[in-house]
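Q: structural data only, the sequence is not supplied:
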Ligand code: 5AD
Ligand code: SF4
């Protein structure tokens, strides 16, 4: 059916959710809805949710909760909970959100349209947490949805079967499934013909891409993406250390569009905790991989994920993690306090760490990493780096010469994914510019452009 009205889509969580929201938005567009940034004006509100940590889950309930009053005012308003919390909660979501219309699980997107039709014809509440044969191929192409973005995500696989003991992903996203390389390349080719210059390939563990399906390996997929016209940079996330191959390291080194950056979540530096997490490697093995990587690609930027306060983590275990951060010197880290998830096995582990203690450890870890990030950024002062321009920047920095008053401030990213601010009145979003770095801070670099290479 075709409808008219406004749709508001709110995304909580990871990059994969951003991609999924684009697909949901494309379905809404195909059904006749128009995108709005004003949630109070919406005729249909979708919250694409995340359940990886308690806080994200609460955010979903509180966001959708505020539409109870809008619904009183406008009984025709359709409210939808999509994604991981929907998958996890099913019909229980209605207990906390009685005004909710549709609970749409992570693999139920292809039936979203028919559920909208059912609500429009008078059905009050629908739960769909069933599986689908295909993950994305039956959904409308989202390529045209937001033409302003020069960097886009493309999900290449769904689900995970690593079963890390703290993680809900295998339960809410299901078993691992890879999309066909042909479909992925087709999608990226369409993006390459529009304004898109950078692609990030997404999967919970891209290193095992295609294994089950007997498809080409992930490095082979990278070499195919490398040939797509219009695309200038390729990124990917996430790599599991237990599956990192020499073939992938070679691909990063040899494929010109693949950025010299690897996100390799370590989670902890303590062997005892790594074992309890079911990660499948030791600290020594992880450090060996990092050495091999640095030998093959000396300029590679490295980032990681860390969980502090996993059940039974002692101060000694925590110090092992700090020690690992010291040894590797990551360019950036994403660190989290362990969040107890009732569907993950670790919630039954003894010796849960006190919340305040988790916070203290997290703060210590972040403070330490800040010094490392700043040190690594400082080394870049005086260097000229290629920056892909993403937008206009409204930031100012004391001590940095922004040029004449009317000069625009722009920002973009280096190959290593660092944000660079620079003044220029002629570069455009999507240009690749050489910028000489003059100032370095923990979260940004500042400099002046040499010339514009479009
Ligand atoms: N608590 C805290 N952090 C978690 N992550 C996954 N599950 C949890 C949890 N229960 C983190 C991991 C993962 C990242 C995406 O989220 O570090 O790599
Ligand atoms: Fe979760 Fe582990 Fe799978 Fe990552 S690899 S999604 S942390 S189970």
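A: It's in. These numbers come from a predicted model, not from an experiment. Residues are numbered from 1 along each chain as shown. Ligands and ions are numbered 1, 2, ... in the order given.
Q: what sits closest to residue 104 if chain neighbours are left out?
A: The spatial neighbour of residue 104 that comes closest, neighbours along the chain excluded (CB to CB, 6 or more residues apart in numbering), is residue 82 at 4.2 Å. Where C-beta positions appear, they are placed from N, C-alpha and C, glycine not excepted.
Q: quick one: neighbours of that neighbour, just the number.
A: 29 (other CB atoms under 10 Å).
Q: report pLDDT for it.
A: On pLDDT, residue 82 comes in at 98.
Q: what are the phi and psi angles of it?
A: For residue 82, the backbone dihedrals (degrees, to the nearest 10) come out as phi -120, psi 160.
Q: that one reaches residue 24, doesn't it?
A: Yes - Residue 82 lies in contact with residue 24 (CB atoms under 8 Å); the separation is 6.1 Å.
Q: check the contact lists of the two and give me the overlap.
A: Counting by CB atoms under 8 Å, 6 or more residues apart in numbering, the common neighbours of residue 82 and residue 24 are 46, 48, 109, 112.
Q: identify, from the residues you listed, the entry nearest to ligand 1.
A: Checking the shared contacts of residue 82 and residue 24 against ligand 1 by CB to the nearest ligand atom gives residue 48 as the nearest, at 16.1 Å.
Q: contacts only, for that closest one.
A: 9, 10, 11, 12, 13, 17, 20, 21, 24, 82, 83.
Q: and those as a markdown table, adding distance to residue 170?
A: Shown next, in a markdown table, are the contacts of residue 48 (distance: CB to CB, whole Å):
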| residue | distance to residue 170 |
| --- | --- |
| 9 | 26 |
| 10 | 25 |
| 11 | 22 |
| 12 | 20 |
| 13 | 16 |
| 17 | 17 |
| 20 | 17 |
| 21 | 22 |
| 24 | 23 |
| 82 | 19 |
| 83 | 15 |
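Q: so which of those belong to helices?
A: Secondary structure assignment by DSSP state H places 17, 20, 21, 24 of the contacts of residue 48 in helices.
Q: between those residues, which is nearest ligand 1?
A: residue 17 (11.4 Å).
Q: check what pLDDT that closest one gets.
A: In this model, residue 17 is scored at 97, pLDDT.
Q: show the contacting residues for it.
A: Residue 17 neighbours (CB under 8 Å, 6+ apart): 11, 48, 49, 50, 83, 84.
Q: same question, residue 368
A: 322, 325, 326.
Q: nearest to residue 29, of the residues you listed?
A: residue 325 (44.2 Å; CB to CB).
Q: show me which residues of the stretch 301-450 of the chain sit near ligand 1.
A: Residues of the stretch 301-450 of the chain found near ligand 1 (CB under 6 Å from any ligand atom) are 305, 307, 336, 338, 339, 341.
Q: any idea how far residue 28 is from the fourth one?
A: Put plainly, it is residue 338. Going from residue 338 to residue 28 by CB to CB, to the nearest Å gives 36 Å.
Q: same deal with the first one?
A: Separation of residue 305 from residue 28 (CB to CB) stands at 32 Å.
Q: assign a three-state SS to the most far-flung residue of the chain relative to its centre, would you?
A: Distance from the C-alpha centroid of the chain, by CA atoms, centre = their mean, peaks at residue 404 (37.0 Å). What DSSP: H, G, I helix; E, B strand; the rest coil gives for residue 404 is coil.
Q: contact partners for it?
A: Contacts of residue 404 by CB under 8 Å, 6+ apart: none found.
Q: what does it show for phi and psi?
A: Taking degrees, to the nearest 10 as the convention, residue 404 sits at phi -60, psi 160.
Q: rewinding a little: among the contacts of residue 368, name the buried ones.
A: 322, 325 (16 or more other CB atoms under 10 Å).
Q: redo the contacts of residue 368 as a markdown table? Include distance to residue 216.
A: Below are the contacts of residue 368 laid out as a markdown table (distance: CB to CB, whole Å):
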| residue | distance to residue 216 |
| --- | --- |
| 322 | 40 |
| 325 | 35 |
| 326 | 38 |
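Q: quick check: mean pLDDT of the helix or strand where residue 46 lies?
A: For residue 46, the element it lies in under DSSP states H and E is strand 44-49. Regarding strand 44-49, the rounded mean pLDDT is 98.
Q: again with stretch 394-412
A: 82.
Q: and that stretch, which residues are buried?
A: Quick answer for stretch 394-412 (16+ other CB under 10 Å): 400, 402, 409, 410, 411, 412.
Q: dihedrals phi and psi, residue 56?
A: According to degrees, to the nearest 10, residue 56 has phi -60, psi -40.
Q: now it, nearest residue through space, not along the chain?
A: Leaving aside its chain neighbours, residue 56 sits nearest to residue 50 (4.1 Å; criterion: CB to CB, 6+ apart).
Q: was I right about that neighbour contacting residue 86?
A: No - counting by CB under 8 Å, residue 50 stays clear of residue 86, with 10.6 Å between them.
Q: more crowded one of these two?
A: It is residue 86, of residue 50 and residue 86, that has more neighbours when counted by other CB under 10 Å, with 27 against 21.
Q: and that one, how close does it get to residue 269?
A: Distance, residue 86 to residue 269, using CB to CB: 35 Å.
Q: how about the residues of this structure near ligand 2?
A: 160, 162, 163, 164, 167, 169, 170, 204, 205, 240.
Q: from those, which two are the most distant?
A: Greatest spatial distance among the residues of the chain next to ligand 2 (CB to CB): 170 and 240, at 12.7 Å.
Q: what touches both of the two?
A: With CB under 8 Å, 6+ apart, residue 170 and residue 240 have common neighbours residue 162.
Q: what about the helices in the stretch 201-350 of the chain?
A: Assigned by DSSP state H, counting those that start in this stretch, the stretch 201-350 of the chain shows helices spanning 218-225, 246-254, 271-277, 283-296, 315-328.
Q: just how off-centre is the longest helix along the chain within its chain?
A: In terms of residue count, the longest helix belonging to the chain (DSSP H) is helix 355-378. Centroid displacement of helix 355-378 relative to its chain, using CA atoms, centre = their mean, to the nearest Å, is 21 Å.
Q: residue 192 contacts residue 232, correct?
A: No - if you go by CB under 8 Å, residue 192 and residue 232 don't touch, sitting 9.2 Å apart.
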